[in-house]
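A.B. asks: below are the sequence and a predicted model for it; my questions follow.
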Amino acid sequence: QVQLVESGGGLVQPGGSLRLSCVASGRIFSINNMGWYRQPPGKERELVATITIPAGGSTDYADSAKGRFTISRDTAKNTVYLQMNSLKPEDTAVYYCNMRVRTTPSQGYRLLELWGQGTLVTVSS
């Protein structure tokens, strides 16, 4: 069984910072992509940022995240991070990590798209 576990959400004042983490565990052969999405209250889930796994790790950001958020990964730890700076009330949302994971041969060498359980970020004074 492969799963993603997130941490790092909470309450922060406008202008503050938070760092989210997401760790993949289980019988993992490789991870193809990592990303962060968010779902604001009453709205649909939206992309925040993605990062590829090969050396160099190219990144892509939603316009709302550019210049304020930084996605990074530690491939040895199967972990993706989202550093969020200059937070605004409109960043309030449940944040989900996403990974495309290939299981080990003993687990069928399957390609799975996995989601974390979500972590709430509230930006408010």
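C.D. replies: Structure received. Just so we're clear, the structure is a prediction, and the values are computed from it rather than from any experiment.
A.B. asks: flag the shaky bits of this structure, pLDDT-wise.
C.D. replies: Along the chain, segments meeting pLDDT under 70 span 55-56.
A.B. asks: does the spatially most distant residue from the centre of it sit in a helix, a strand or a coil?
C.D. replies: Using C-alpha atoms, centre = their mean, the residue of the chain lying farthest from its centre is Ser106. It sits 27.1 Å away. Using DSSP: H, G, I helix; E, B strand; the rest coil, the structure places Ser106 in helix.
A.B. asks: who are the contact partners of it?
C.D. replies: Arg27 (C-beta atoms under 8 Å, 6 or more residues apart in numbering). (Each C-beta comes from the backbone N, C-alpha and C, glycine too.)
A.B. asks: neighbours around the residue nearest to Gln39 when sequence neighbours are not counted, how many?
C.D. replies: Excluding the flanking residues, the one nearest Gln39 by C-beta to C-beta, 6 or more residues apart in numbering is Arg45, at 4.4 Å. As a burial measure, Arg45 scores 16 neighbours (other C-beta atoms under 10 Å).
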